[in-house]
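# Return atomic coordinates for the entry below.
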Amino acid sequence: MPSPTHKHSKREFDAGHVPITEEFDSARRTLPPVFTLAIALVVVVVFIVGIAYVFRSKPVAQGQIDNVFVSQNKGQPNSMLAIQVTLRAVGEKPLYIKDMKAELETQQDTYTDTAASPSDYERYFQAYPDLRDHAMKPIAVETKIQPGAQESGTVIVTFPIDKSEFDTRKSLTVTVVPYDQKAIVLKEAGK
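Numbers count the residues shown, from 1 in each chain. The predicted structure is shown next:
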């Protein structure tokens, strides 16, 4: 007797007669083809890179410390610094200064001070007369610098060090904190 012939040489899938060894959670049964996944992954990566590029952090200002002068009265444990700085607003929005502070790193320690208010400058000049010769107009909190504009001025701070310790400093930085943007850190050149 001839054997029955099947129209299909390959067995058709019959959900009612699946061997127990067949796993339905395998990648072959649950994932789309590898080529489709690779294309989708490339599209997602390109999209994320594009979004990161568009919304990247852009500089709001540039600047530098132009000059530093230290003054110490005899018998006084503190030194007062007149730091001349220049700020340039390179962003698209005006730069509003919220706060300014200076950090001095010496061989022994690190000191931080908030910039003095311009209303106190005259009092400091009376106590440290040689400071007046090295001070420009103050850069004050609430100063507004228009996009593309530049502002130069003096920041006055005081640290509990003597002049010889200041002369052997490791670094001096001035941090300008705007209202709605990242802080701008100005470093002393050559240190």
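
# Excluding chain neighbours, give the residue nearest to Ala149 in space.
Leaving out its chain neighbours, the residue that sits closest to Ala149 by CB to CB, 6 or more residues apart in numbering is Ala89, at 5.6 Å. Quick note: C-beta positions are derived from backbone N, CA and C, even for glycine.

# count of residues packed around the one you found?
25 (other CB atoms under 10 Å).

# now do Glu92
For Glu92, using other CB under 10 Å, the count is 9.

# Next up, the contacts around it.
Lys58, Pro147 (CB atoms under 8 Å, 6 or more residues apart in numbering).

# By average pLDDT, which secondary structure element in this structure comes out worst?
The weakest-scoring helix or strand in the chain, judged by mean pLDDT, DSSP states H and E, is helix 27-30 (a mean of 60).

# which regions of the protein sit below the pLDDT cut-off?
Counting by pLDDT under 70, the ranges of the chain that qualify are 1-31, 190-191.

# give me that answer again for 50
Scanning the chain for pLDDT under 50 picks out 9.

# Quick one: the strands in it, in order.
61-71, 79-89, 95-105, 110-114, 144-145, 150-159, 171-178, 184-187 (DSSP state E).

# how much space is there between the nearest residue in space to Phe125 that is not next to it in sequence and Ile139?
Closest residue to Phe125 apart from its sequence neighbours, by CB to CB, 6+ apart: Arg132 at 4.2 Å. Separation of Arg132 from Ile139 (CB to CB, to the nearest Å) stands at 16 Å.

# More neighbours: which of these two?
The neighbour comparison of Arg132 against Ile139 (other CB under 10 Å) goes to Ile139, with 24 against 14.

# residues contacting that one?
Ile139 makes contacts with Val85, Leu87, Ile97, Met100, Ala115, Glu151, Ser152, Gly153, Thr154, Val155, as judged by CB under 8 Å, 6+ apart.
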